[in-house]
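Engineer: Need coordinates for the below:
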Amino acid sequence: MPNWKNNRHKPVIGLLGGIGSGKSCIARQFASLGCAVIDSDAVAHEVLQTADVKEILRKWLGPAVFREDGSVSRGAVAARIFNNPESTARLNGIIHPRVAQNRAKAMAQFLADPAVIAIVWDTPLLLEAGLDQECDAVVFVKAPIEQRLSRIIATRGWSAEELDRREKLQIPLDKKADIADYCIDNSGDETSSHRQVQRVLSQILASAG
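Structural biologist: Below is the predicted model:
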């Protein structure tokens, strides 16, 4: 049985790419081929709604960050800590360790599941958090800025300036592309990207050991 990093018997594949490049779409295509996906952004959403985190946020940021149904408004939290590095670091210190705990639990589950052939990490700050060092392969998802902006406007309502501001807070795309082991061009149709995902997954599995 092949050994991957940390003596795992299945590879971990990390996804990189610009905002709006379609990493989640590529992750779903990996899932359709037998991979399990850990979506860190979705996990962070779940963590934000847990009782202990709610209690911390209520004491720290007050009732204004809660909706009428008692759930935490992520947008309200972001607005309160906007452009405040200390507050951002404090929030990350609350959320990130809990996300890591949930990821570890999911990893144990997927490694034990014989139906799962590989595990994909769809993590927005994969490089920034150093998680690429734990991956057996890193895949860069590429799409032109015009296409990415169009997707972002449709899904998040951001302006071009907002996309540029947020991307400047991350590691540059050219560096992400250089670090990656594989590249998938997600500018075409789903058939094209799916064909590339199949090829990349086959190459990763063939590199075992």
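
Engineer: list the contacts for I145?
Structural biologist: Counting by Cβ atoms under 8 Å, 6 or more residues apart in numbering, I145 makes contact with G18. From N, CA and C alone the C-beta is placed, and that goes for glycine too.

Engineer: What about the closest residue in space to S207 that isn't next to it in sequence, how many residues nearby?
Structural biologist: Once flanking residues are discounted, S207 sits nearest to A137: 7.6 Å by Cβ to Cβ, 6 or more residues apart in numbering. Neighbours of A137 under the rule other Cβ atoms under 10 Å: 22.

Engineer: Specify the beta-bridge partners of A137.
Structural biologist: Here A137 sits in beta bridges with I13, going by DSSP bridges.

Engineer: low pLDDT regions in the protein?
Structural biologist: Within the chain, the stretches with pLDDT under 70 are 1-2, 209.

Engineer: per-domain residue ranges of it.
Structural biologist: As given by automatic domain parsing, the domain ranges for the chain are 1-34+117-209, 42-116.

Engineer: which of these is buried the deepest?
Structural biologist: Of all the domains of the chain, domain 1-34+117-209 has the most neighbours on average by mean count of other Cβ atoms under 10 Å, namely a mean of 17.

Engineer: Quick one: distance of that domain to the chain centre.
Structural biologist: 8 Å (Cα atoms, centre = their mean, to the nearest Å).

Engineer: just stretch 50-66 next, same as before
Structural biologist: Centroid separation between stretch 50-66 and its chain, computed with Cα atoms, centre = their mean, is 24 Å.

Engineer: what are the ranges of the helices in this protein?
Structural biologist: 23-32, 40-48, 51-61, 74-81, 85-112, 145-156, 160-167, 173-179, 190-206 (DSSP state H).

Engineer: Tell me how far L57 lies from G70.
Structural biologist: 12 Å (Cβ to Cβ, to the nearest Å).

Engineer: want to try TSV for the helices of the chain, with distance to L126 as columns?
Structural biologist: What follows is the helices of the chain, written out as TSV (distance: least, Cβ to Cβ, whole Å):
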stretch	distance to L126
helix 23-32	10
helix 40-48	8
helix 51-61	23
helix 74-81	20
helix 85-112	12
helix 145-156	17
helix 160-167	15
helix 173-179	9
helix 190-206	16
